[in-house]
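>>> just the structure for this:
(chains A and B)
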Amino acid sequence: MGFVNRIGGNYSRTTLLTGLVGMTAAVPVAMQSQSLSGTPTFYILIGALASLSSSVVLRNIFPTPEPNTKARELDTLELQQEVSALNQHAMVTMTDSRGKICFANQRFLDSTGYSTHDVIGMSPCNFYAEEERTTLKDIESILGAGHSWSGETLLRRRDGKVIVTQTTIVPRIDGSKRWVGAVAVRTDITAARMQQSERDAVSSLHRLAEPIAMIDPETLKIVYMNEAASALTGWVTDTLAAARHSINPVDATTQDLRRTLERLIFGADEQARVTLTMDGRMFEADIQKITSQIGPDRLFMIMRDVTGAAELERVKHDFIANVSHELRTPLTAIKGSLGLVLAGVAGEVSSKAEALVEIAHRNADRLVLIVNDILDLEKIAAGQMAFEMERGDLRVALDEAVLALRSYADQFDVSIELSQPEEPVHARFDSARIVQVLTNLISNAAKFSNRGSEIAVDLFSDDDWHHVRVSDQGAGIPAADMPTIFDRFSQAGGAERRSKGGTGLGLNIVKAIVEKHGGTVDLQSTEGVGTTIAFCLRREDTAAALPADPEKRE
Amino acid sequence: MIKILHVEDDLDILEIAKLSLEMSGDFDVVQYSEPEQAIANATSVQPDVLLLDLMMPGMSGDQLLLKLREMEGMGEVPAIFMTARAQPQEVRELVSKGACDVVVKPFDPVMLADQIKTILSRL
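Numbering: from 1, shown residues only, chains lettered A, B, ... in the order given. Sure, this is the predicted structure:
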């Protein structure tokens, strides 16, 4: 008993203090029961034990005159048993006249994770959780007035976790009525609190209309589902206990869910969305991590049955794909007929008739573009657009797009200036799709440029990304149109600009394609000055880790 | 003259393709709107090139090509599929089924003849 030896000089009789630290043998069974915690009987007992502790200490410090030997032995035995019971049940600390801890029993050390060496000489304030500042002041003032204090306190363990204790602190007053410290007796009621908290959570969730499940971070199993979740999934959740034993759907789902849960448990993220497929049905689940000061983290999962919605979405995609496809046959006939008339196959036509046929032909072209764009967007949305990602030189794609568009730009009396590094610019991309993006951006820039102006196409790089920037000196995009410019069928400036052709889907496709490459699109525009649209692609050295098929990344 | 065997279920497109190809003066165009007719007559037509619509009711263009390939004298005739916009991997798949290229619908009637001649010149 090193501690007793160290402080032995302060006390005339150290044997009882030794008992406080070490005696654990004769403990009544009822005292070991956790179920006592939190009951009125329990608090009465704690009060009695606090008084007992106080009397033990006081009897150590101010020994009463010794009675006859037999009576003294009985008294000592009784006292030893009482102290043993106290040590079994409660965390006991004593402070000296400087307010520093001069004693802590084993239960206190076990509960807080500290050693005797750590705690001796420390201020008890160091153990209190941050939110207990007000309580601390309250305790100091009550003890200072010579009264004892009882209440709940939150203590921070050495590992950072917080425990809830039911505490009684009694001032130590000497014969001259001087303050010489305090003795604190605490019972760890964390487990009871957590159980109560779980019961409260479960009872409040149980009748909510939203289907909610709770996942145990330790086992990754669903340990609770409310009535709505039970009705939605058909899993049995009559009671929490039954749920623990009968439900194990996580094991039946994909690795995606496991990975998502592990990311939430071990990572910084607190929310995630995951799609689960079970028994032929599809559920979309939002998972929220709830961190608790006094217990393990919890994972709550809010579920939605999206089986019908997914099927509807598939039918919609199929319908659009079919309609788009079917539209091409009559369009081929219309465009072909008009093209042949304009080519003179049907003989000479009047200039008025030719002008009208040209209008029809131009609009047939536009309709073809719209159908193609819609089909592209639907393919991207449905994950059916195949991306052939290969390591390549971005300059080749830029050269191809600029070369193809020079004559188009000439129609608008606009020149294209291409500026790019002399060395290869390697990235991982689908060449045809990136040429599609560039064609979209450069043709847009040409259409909306002022006559005689220049389109600047720049390629440059930073540490992680290659950037492609297309700048025009056109009318710019009104500020009011900027937030929706990447939306479907969005065209800035209304009818006048729409008359220049285009489908209103181009920028939406640009954004979708670039995002499938893991990049982003950035837009800057000033009305009357011009527009710059830039997109970035990850450099090959850092993109190497990405899978070849971007669909698999989702 | 290049003898081209064109199979397409849409009569309007048949007409436009005929006008387009004949406009160049380089093509002798033989057309059928039903795959079975093409199978029945292919040997006697002895085409230099096949132009086959891909999506036809009853028999798709690639199924038709398989049948034509089994016929005498048709094993090596260059075949071009005509289809709505195809993704690169779809084109590769068609090439693996024996096509030498794909003409995308809607095609430019003024350019169709040149397009086919370019494809043939690469072979």
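
>>> near chain B, which residues of the stretch 301-450 of chain A are found?
Applying CB under 8 Å from any CB of the partner chain, we find that the stretch 301-450 of chain A lies next to chain B at A:325, A:328-333, A:335-337, A:339-340, A:343, A:345, A:364, A:368, A:372, A:375, A:379, A:385-386, A:388, A:432. Where you see a C-beta, it was placed from the backbone N, CA and C, and this is true even at glycine.

>>> how about the residues of the stretch 451-554 of chain A by chain B?
Residues of the stretch 451-554 of chain A lying close to chain B by CB under 8 Å from any CB: none are found.

>>> show me where pLDDT drops low in the stretch 451-554 of chain A?
Applying pLDDT under 70 to the stretch 451-554 of chain A flags residues A:488-503, A:541-554.

>>> for chain B, which residue occupies the most central location?
Among the residues of chain B, B:Leu51 comes closest to the average C-alpha position under CA atoms, centre = their mean, at 0.6 Å.

>>> any idea which element B:Leu94 lies in?
Secondary structure assignment for B:Leu94, by DSSP states H and E: helix B:88-96.

>>> from the chain's centre, how far out does the lengthiest helix in chain A sit?
Ranked by number of residues, the top helix in chain A under DSSP state H is helix A:307-342. Its chain's average C-alpha position is 41 Å from that of helix A:307-342, according to CA atoms, centre = their mean, to the nearest Å.

>>> thinking again about what came up before, just the buried residues of the residues of the stretch 301-450 of chain A next to chain B.
For these, a neighbour count by 16 or more other CB atoms under 10 Å in any protein chain shown gives the buried set as A:325, A:328-329, A:331-333, A:335-337, A:339-340, A:345, A:364, A:368, A:372, A:375, A:379, A:385.

>>> how about the strands in chain B?
Listed in chain order, the strands found in chain B under DSSP state E are B:2-7, B:27-32, B:49-53, B:79-84, B:101-105.

>>> the stretch 151-300 of chain A now?
For the stretch 151-300 of chain A, applying DSSP state E, counting those that start in this stretch gives strands covering A:162-173, A:179-188, A:212-216, A:221-225, A:271-278, A:281-290, A:298-305.

>>> show me what the fifth one is packed against.
Read it as strand A:271-278. Other elements packing on strand A:271-278 under the criterion 3 or more CB pairs under 8 Å, 6 or more residues apart in numbering or on different chains; DSSP states H and E are helix A:255-266, strand A:281-290.

>>> relative to strand B:79-84, how tilted is the helix or strand of chain B with the lowest mean pLDDT?
The helix or strand of chain B with the poorest confidence is helix B:88-96; it has a mean of 84 (mean pLDDT, DSSP states H and E). Following axes from the mean of the first three to the mean of the last three CA atoms, to 10 degrees, one obtains 150 degrees for the angle between helix B:88-96 and strand B:79-84.

>>> now the strands of chain B as CSV including distance to chain A and mean pLDDT?
What follows is the strands of chain B, written out as CSV (distance: least, CB to the nearest CB, whole Å; pLDDT from 0 to 100):
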stretch, distance to chain A, mean pLDDT
strand B:2-7, 13, 97
strand B:27-32, 14, 97
strand B:49-53, 9, 96
strand B:79-84, 4, 91
strand B:101-105, 5, 91
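
>>> packing partners of the longest helix along chain B?
In chain B, assigned by DSSP H, the helix with the most residues is helix B:11-24. Contact here means 3+ CB pairs under 8 Å, 6+ apart; on that basis helix B:11-24 packs against helix A:307-342, strand B:2-7, strand B:27-32, helix B:112-122.

>>> now do 6 Å
If contacts are counted by 3 or more CB pairs under 6 Å, 6 or more residues apart in numbering or on different chains; DSSP states H and E, helix B:11-24 sits against helix A:307-342, strand B:27-32, helix B:112-122.

>>> now distance to A:Gly280 too, for the ones you listed, in CSV please.
Supplementary listing: the helices and strands packed on helix B:11-24 in CSV, determined by distance: least, CB to CB, whole Å:
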stretch, distance to A:Gly280
helix A:307-342, 8
strand B:27-32, 45
helix B:112-122, 47
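
>>> which among these is found nearest to A:Arg107?
Across these, the minimum distance to A:Arg107, taken as CB to CB, is reached by helix A:307-342, at 54.3 Å.

>>> could you give me the average pLDDT of whichever helix or strand comes after that closest one?
Moving toward the C-terminus from helix A:307-342, the first helix or strand encountered (DSSP H and E) is helix A:351-381. Across helix A:351-381, the average pLDDT comes to 86.

>>> now do the buried residues in helix A:351-381.
Neighbour-count burial for helix A:351-381, counted by 16+ other CB under 10 Å, picks out A:357, A:361, A:364-365, A:367-368, A:370-380.

>>> kindly report the same for stretch A:525-542.
In stretch A:525-542, the ones that count as buried by 16+ other CB under 10 Å are A:525, A:530-540.

>>> cool, and stretch A:454-468?
A:454-459, A:461, A:465-468.

>>> can you add distance to A:Arg178 and secondary structure and give the residues you listed back as TSV?
Written out in TSV, the entries for those read as follows (distance: CB to CB, whole Å; DSSP: H, G, I helix; E, B strand; the rest coil):
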residue	distance to A:Arg178	secondary structure
A:Glu454	92	strand
A:Ile455	90	strand
A:Ala456	87	strand
A:Val457	88	strand
A:Asp458	83	strand
A:Leu459	83	strand
A:Ser461	77	strand
A:Trp465	73	strand
A:His466	78	strand
A:His467	77	strand
A:Val468	82	strand
